[in-house]
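> fold the following.
(one chain, ligands or ions: 2)
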Amino acid sequence: TDGFTIAPSILSANFAKLGEEVDNVLVSGADTVHFDVMDNHYVPNLTIGPLVCDALRKHGVTAPIDVHLMVTPVDQLVGDFIKAGASYITFHPEASHHPDRTLSVIKDAGLKAGLVFNPATPLDWLKYAIDKVDIVLLMSVNPGFGGQKFIGYTLDKLREAREIIDKSGRSIRLEIDGGVGPANIREVAQSGADMFVAGSAIFGTPDYKETIDKMRAELAA
Ligand code: DX5
Ligand code: ZN
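Ligands and ions are numbered 1, 2, ... in the order given. Alright, predicted model coming up:
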């Protein structure tokens, strides 16, 4: 494909018919399922856990599941999501006492591992552990809720992260999460992102395929 990954955030899906919603975005051209885990502790909201991830696998979902952990502590849930069929696990390094160990646990299980940076969190956490990082996820909103406005200075941060990744010589994905949709995806890609989370911009529209097609057209333009 074009090297761009579109990852709908099921946070904005209708949870009363989640299997159907996930099937629908995947046949509509999504690459990956973005799975937001919130614990009412690290962030002021409560969502879904490993049981739901396992249920999606049993439902027949074969696409990668991109688990975004907004929880503390981190490590117990990492093990649970490995068992539940996660493909990627990203976590906020400041929420883990031992980010290096957490990265190793994820990678030793054969999954892709990622670090997530809140809008104001500096990228310094990448400096030493970058060889264990497969995904750098920049939050372009404060985590906890869908439907928030994209924070503009994240574009500068994307360029900075892109530089760090290119300098590392490793094939690290640069993922962006929060307030992304057809109206700004091109600018976000031009700033260096290649993996795009979109929740309300996709699930808030009646025709998921039309919206995902629009996003791809913007990326190709
Ligand atoms: C926010 C979550 C996001 C959220 C994105 O804490 O990590 O994945 O669902 O939602 P939108 O695309 O609506 O900003
Ligand atoms: Zn997320």
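> residues from the chain in reach of ligand 1?
9, 11-12, 34, 36, 68, 141, 143-144, 146-148, 177-180, 197-201 (CB under 6 Å from any ligand atom). Where C-beta positions appear, they are placed from N, C-alpha and C, glycine not excepted.
> narrow those residues to those in strands?
Of these, the ones assigned to strands by DSSP state E are His34, Asp36, His68, Asp177, Val197, Ala198.
> quick check: closest non-adjacent residue to the second one.
Distances taken as CB to CB, 6 or more residues apart in numbering put Leu11 closest to Asp36, at 4.4 Å, once the chain neighbours are dropped.
> show the pLDDT at His195.
Just to correct that, residue 195 is Met rather than His. Met195 carries a pLDDT value of 98.
> ugh, typo on my part, it should be Pro99
For Pro99, pLDDT reads 98.
> mind checking how far it is from ligand 2?
Note on Pro99: its distance to ligand 2, by CB to the ion, to the nearest Å, is 18 Å.
> list the contacts for the closest residue to that residue other than its chain neighbours?
Counting by CB to CB, 6+ apart, Pro99 lies nearest to Pro93, which is 4.1 Å off, once chain neighbours are set aside. By CB atoms under 8 Å, 6 or more residues apart in numbering, the residues touching Pro93 are Pro99, Leu115, Val116, Trp125.
> tell me the backbone dihedrals of Pro93, please.
Phi and psi for Pro93, reported as degrees, to the nearest 10, are phi -60, psi -30.
> now do Ala183 against Asp100, distance only.
38 Å (CB to CB, to the nearest Å).
> which helices and strands sit right next to the longest helix along the chain?
Ranked by residue count and defined by DSSP state H, the top helix of the chain is helix 154-168. If contacts are counted by 3 or more CB pairs under 8 Å, 6 or more residues apart in numbering; DSSP states H and E, helix 154-168 sits against strand 135-139, strand 173-177, helix 185-190.
> and with 6 Å instead?
Secondary-structure packing of helix 154-168 (3 or more CB pairs under 6 Å, 6 or more residues apart in numbering; DSSP states H and E): strand 135-139.
> so is the strand it packs on next to ligand 2?
No - counting by CB under 5 Å from the ion, ligand 2 has no neighbours in strand 135-139; the shortest distance is 7.6 Å.
> which single residue of this protein ends up nearest ligand 2?
His68 (3.8 Å; CB to the ion).
> tell me which stretches of this structure form helices.
Using DSSP H, helices in the chain cover 18-27, 50-59, 75-83, 99-108, 126-129, 154-168, 185-190, 200-203, 208-220.
> I appreciate the help and will end here.
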